[in-house]
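>>> I would like the atomic coordinates for the input below:
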Amino acid sequence: MATDGIAFLYYKIWKGSGGTDDPSPERQLTIDHTPLLTSAEPWFRHANRWGYLNNNTNPPLTSGATVVIPDFINIAEPGDVAKIHWRGYSSLNGSGPEVPGTYGVWEKILSAADIANGFDLVVPFRSHISLLFDDDSAVVDCELFRGRKPIAESKKGLVKIDRVTPGEIGPSGLNTQGETTMAVELVDKKQRPASTRTSGVGPFADISVDTLTDGYIAKSVLDSGTLTINLTRTPDELDEDEVDVKYRVKGGTFTDYDKTIKLGPVADRPVGTIPLPLPASLFPELPTPEAPTVYELMIQLFKGGGGNNEDSNTLEFVIDRTAPVNEKNPPKLVKPTPAPSFINQPVDTQRTVNETWMTANPIANFTVGVTYNLRRADDPLSAWLLAGAQKVRVWNAVVPASGAFSFPSSVLRQFPNGRINISYQWADHVGNIGEESAPTPVLILALAQPPLAKKAPLVPKTDPDYSTALYLDDFVSGITAIVENAYIEHAETGDKVYIEVEDPEDAANLVEIGPQPWANADLTFDLPYEDLAKIFGDADEPKDAWIRYRIERTGTTAATSPSRIISLAFDIVGTPLPVPPDLENRDMQLPVVTGASNTPNSLLPGDRDKPGKFKVTLALTDPDITPEHTVKCYLNNATTPFADFTPFGPVTEFEVPIPASVIAALPTPSVEARWTIQKSGVDKNVNKSFPQAVLVGGIPINLPLPTIRIRNQAIRDFIECYAMTSPTSGYVLGLQIPKGPLLPQGKAITAHFEAHRNAAGTDLIPGTAASAPYTIKDPATPDVAPVGGPANFKAAQPIRGAVAYGKYWYTTDINGQQSSVPVVKRLDTINTSFEYCDRAAAPGA
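Modelled structure (predicted):
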């Protein structure tokens, strides 16, 4: 094994330890100790100088992120395959678990131009970027393959992604420094007198717009519906500054935009430039002339919204919405013609590409017509080869004036023998994509065929491209492997097909599934958990496995398909599963749910409007819950947890609060409580407890609100001396309790008072809480429940000018503890002579 080369492995069984041997089939082993080459790290064309993609990225991030793959000079050869991986993380440095759903992988067959110049890859926004919001990042790397053999890997490229505005919910806008993006206000255009004065000679206001080469606006910008003009901030600014906009087709008459833009408070404006969003619909491409439409735009900046204005410079930009070859007057989609010419085509009339031609022509050369109207030298060409449903792009770059393009002839080996068609399509640097030409026959393929099995079996639940791991959850609906008949050649009736799954680190750890007879159709194999679990063993993290199939025929060497790596993610945290892959774990400890009454697994009526607790204590043999784990707590068969829990260190029990709103919404007479535990950031292999029954009492009763005496509610809706039972002698608050069937004569209640520092009544002032019992009187006698005293009210306002808020309510027992809704009002019991209600002097500050 110390020498590079090819070895053939086999074993013999000697019957009865005698001299009759039974050799096994040979298996080829390639030994290659060559270290992988290292290519330059990918980078991100539109990231700002701080390495961020955000809401100021142009083109907008919603049109994708452009990754630049550097050249492969002295590393790659034409026909090699580059595989680019994108991984999203919820950190700024690409650390921690990947964000589920963001992973992407793309393959590209390299041309000579790709190797010399590198190429761009646009990562789609949906899924790969849309799930990355606040202080997130993505890591991109590139692997290089020659056939099935890896030959190089790049360094990792990192980009930071931040799509959230501080103070706002959800992805929004950030400028490149990360501060809040000012939201300008659009109002109906102000009518201004014709004599408006300008402040001296100009222009003074400076505006710009992000464009592509030659002043073109990117299609992705127009598709977003908004064209952003950047206004450089001026030295002298006022909060009321306003902007009017004028625009025209170059050479025409200026049109006033029907909105005035208010720039808003100076303190809220972004550093450097102010983005002015304009509807892209203001700038349509006109049907005539044939060339793209050129627009001019200027603004008038009105100081303080008043009568002094400064004109800006005049912007010029180009709108092109017509894809190459298409016609715009009238609009017409046109397929390009004629078909590309095959320059070094085979000499026979059928243009038969055989092994002789392949040996003599490592590069297939073509030319395409470039005489369509308004062609630009930077218009990229895409070309494809097609055979049936198979379609392979062989060119994606600009072409010279001659229209020449080429690709490695080895690409043809991807196709079955028979007719091969070619099609092509033009695009432009703006992003307009033209029509694809009609497929045209270009050659007949007649190559020597590879042995039998040409493609690894599909495992649908690992798509795309085997990149999704297999989890225990997947066994609910079953995991299958599909041997595609389209990728089997020369098979015969009587052939037997087997699936093989192998541990890459231990060739002896191999399971064989099957056989099934070849039937000239796709074959589907079940992959049982018991077999795959043998490969996974006792691993505590996802483990790779090779999957392939082989075809056996009596008297011939078995044909083995290429292998593909699948990931077995059978690792699970928490109490071990007693019956895997069943994730319902009877061995997990059950939760204990309590309300305010602290009754285990029983919520009394008085608990229904108060928060409760959800507690789990692990058994002595259970693994600890660690910071790498996420616990989720559920009530009433909900699919969304009411609480998550992740500890700061290993714990053997946890307790989370149950919000009062959750308890109030529970139905009677009982609900189920359960909890789950999983690896943080991975919503798979979720270890689930059995349900715990929790009794639920009746719904809380809405008691009538208490009131107090207020002398002038329209002006001062305060708790004042007027609300006291007797301001001077009885510096006690009187709660007026409404009569009603819920509070009959003799009913005992408790009046409550507190003072708080805030209007929400959530910041208690020490020494202000008071409670007092009261008994409801006869129907003819008003009920005024006294509560509090001088010490409480003076603690609320210890000095003159102190701001406090009083909160009052009452409680009673009606099928459990019930409470009225607390009422919060401003408290002021200091008069204009700086005296408390009892005429004691209020201290100064």
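
>>> Show me the shaky parts of the stretch 451-600 of the chain.
Scanning the stretch 451-600 of the chain for pLDDT under 70 picks out the ranges 451, 555.

>>> For it, just list every one of the helices.
Counting by DSSP state H, counting those that start in this stretch, the stretch 451-600 of the chain has helices at residues 529-536.

>>> just the stretch 701-845 of the chain next, same as before
Under DSSP H, counting those that start in this stretch, the stretch 701-845 of the chain gives helices at 790-796.

>>> Pass me the low-pLDDT residue ranges in it, would you?
In the stretch 701-845 of the chain, residues with pLDDT under 70: 815-816.

>>> can you give me the strands for it?
With strands called from DSSP state E, counting those that start in this stretch, the stretch 701-845 of the chain shows them at 718-719, 724-726, 730-737, 748-756, 770-775, 783-787, 804-813, 817-819, 823-827.

>>> any idea which of those strands is most buried?
strand 718-719 (a mean of 24; mean count of other C-beta atoms under 10 Å). Bear in mind the C-beta positions are built from the backbone N, C-alpha and C, glycine included.

>>> Distance from the chain centre to it, please.
Centroid separation for strand 718-719 versus its chain: 49 Å, with C-alpha atoms, centre = their mean, to the nearest Å.

>>> who touches that strand?
Residues from elsewhere that reach strand 718-719 (C-beta atoms under 8 Å, 6 or more residues apart in numbering): 708, 710, 733, 806, 808, 825, 826, 827, 828, 829.

>>> one more time with 7 Å
708, 733, 806, 825, 826, 827, 828 (C-beta atoms under 7 Å, 6 or more residues apart in numbering).

>>> partners of that strand, with directions?
strand 823-827 (parallel) (DSSP bridges).

>>> now the angle from the partner strand to strand 748-756?
Per axes from the mean of the first three to the mean of the last three C-alpha atoms, to 10 degrees, the angle that strand 823-827 makes with strand 748-756 is 50 degrees.

>>> How about residues contacting stretch 784-800?
725, 731-737, 749, 751-753, 755, 765, 767-768, 770-772, 774, 804, 810, 827, 829-830, 834, 836, 838, 842-845.

>>> Now tabulate the contacts of strand 718-719 in a markdown table and tack on distance to residue 596.
Listed next are the contacts of strand 718-719 as a markdown table, based on distance: C-beta to C-beta, whole Å:
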| residue | distance to residue 596 |
| --- | --- |
| 708 | 27 |
| 733 | 25 |
| 806 | 24 |
| 825 | 26 |
| 826 | 29 |
| 827 | 27 |
| 828 | 33 |
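
>>> hmm, back to that, for residue 501, find the nearest of the strands of the stretch 701-845 of the chain.
strand 817-819 (61.5 Å; C-beta to C-beta).

>>> Just say helix, strand or coil for the residue most central in space within the chain.
Per C-alpha atoms, centre = their mean, the C-alpha nearest to the average position across the chain is that of residue 131, at 0.4 Å. At residue 131 the chain is in coil, as set by DSSP: H, G, I helix; E, B strand; the rest coil.

>>> picking that back up, I'd like the strands of the stretch 701-845 of the chain laid out as a markdown table, including distance to residue 677.
Formatted as a markdown table, these follow (distance: least, C-beta to C-beta, whole Å):
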| stretch | distance to residue 677 |
| --- | --- |
| strand 718-719 | 49 |
| strand 724-726 | 56 |
| strand 730-737 | 48 |
| strand 748-756 | 39 |
| strand 770-775 | 42 |
| strand 783-787 | 47 |
| strand 804-813 | 38 |
| strand 817-819 | 34 |
| strand 823-827 | 40 |
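
>>> Residue 143 is nearest to which of those strands?
Closest approach to residue 143 among the strands of the stretch 701-845 of the chain (C-beta to C-beta): strand 748-756, 61.4 Å.

>>> for that closest one, packing partners?
Helices and strands touching strand 748-756, by 3 or more C-beta pairs under 7 Å, 6 or more residues apart in numbering; DSSP states H and E, are strand 730-737, strand 770-775, strand 783-787, strand 804-813.

>>> repeat that with 10 Å
The helices and strands touching strand 748-756, judged by 3 or more C-beta pairs under 10 Å, 6 or more residues apart in numbering; DSSP states H and E, are strand 730-737, strand 770-775, strand 783-787, helix 790-796, strand 804-813, strand 817-819, strand 823-827.

>>> ok so, going back, between the strands of the stretch 701-845 of the chain, which one is nearest to residue 662?
The closest of the strands of the stretch 701-845 of the chain to residue 662 is strand 817-819. By C-beta to C-beta, the value is 17.6 Å.

>>> And for the closest one, what's in contact with it?
Identification of contacts with strand 817-819 by C-beta atoms under 10 Å, 6 or more residues apart in numbering yields 596-597, 604-610, 700-703, 742, 749-750, 752, 809-812.

>>> distance between that strand and the chain's centre?
Relative to its chain's centre, strand 817-819 lies at 44 Å (C-alpha atoms, centre = their mean).

>>> Starting from it, tell me which strands it pairs with and how they run.
Here, using DSSP bridges, strand 817-819 pairs with strand 804-813 (antiparallel).

>>> Dump the strand it pairs with to CSV, keeping only the CA atoms.
The C-alpha trace of strand 804-813 is given here as CSV (Å, rounded to 0.1, in the frame of the first residue of the first chain):
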residue,chain,number,x,y,z
ALA,A,804,-45.2,57.2,39.5
TYR,A,805,-48.0,55.0,38.2
GLY,A,806,-50.6,53.3,40.5
LYS,A,807,-51.9,49.9,39.8
TYR,A,808,-55.0,48.6,41.6
TRP,A,809,-57.2,45.4,41.4
TYR,A,810,-59.0,42.9,43.6
THR,A,811,-59.1,39.1,44.0
THR,A,812,-61.6,36.6,45.2
ASP,A,813,-62.3,32.9,45.3
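
>>> list the contacts for the closest residue to residue 492 other than its chain neighbours?
Closest residue to residue 492 in three dimensions, ignoring its sequence neighbours and counting by C-beta to C-beta, 6 or more residues apart in numbering: residue 553, at 6.8 Å. Contacts for residue 553 (C-beta under 10 Å, 6+ apart) come out as 452, 490, 491, 492, 494, 495, 496, 518, 559.

>>> Now do the same contact list for the nearest residue to residue 243 once chain neighbours are set aside.
With C-beta to C-beta, 6+ apart as the criterion, residue 243 has its nearest non-adjacent residue at 4.3 Å, and that residue is residue 261. Neighbour list for residue 261: 184-187, 189, 229, 231, 241-245, 274, 276-278, 299, 301 [criterion: C-beta under 10 Å, 6+ apart].

>>> follow-up on the earlier one: and residue 589, which of the strands of the stretch 701-845 of the chain is closest to it?
strand 817-819 (30.1 Å).

>>> Can you list the low-confidence ranges for the stretch 201-350 of the chain?
Within the stretch 201-350 of the chain, the stretches with pLDDT under 70 are 201-203.

>>> Residue 220 should be in a strand, yeah?
No - per three-state DSSP, residue 220 lies outside any strand segment and is helix.

>>> How many neighbouring residues does it have?
When counting by other C-beta atoms under 10 Å, one arrives at 17 neighbours for residue 220.

>>> And residue 612, by the same measure?
Residue 612 has 25 nearby residues by other C-beta under 10 Å.

>>> for it, what are its contacts?
Counting by C-beta under 10 Å, 6+ apart, residue 612 touches 593-599, 603, 635, 656-660, 662-663, 666, 694.

>>> What's the PyMOL syntax to select whichever of these are buried?
Those of those that count as buried under 16 or more other C-beta atoms under 10 Å are selected in PyMOL with:
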select buried, resi 593+594+595+596+597+603+635+656+658+660+662+663+666+694
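
>>> distance of the residue nearest to residue 46 when sequence neighbours are not counted from residue 454?
Spatial nearest neighbour of residue 46, chain neighbours left out: residue 57 (5.1 Å); criterion: C-beta to C-beta, 6+ apart. Distance of residue 57 to residue 454, computed by C-beta to C-beta, to the nearest Å: 42 Å.
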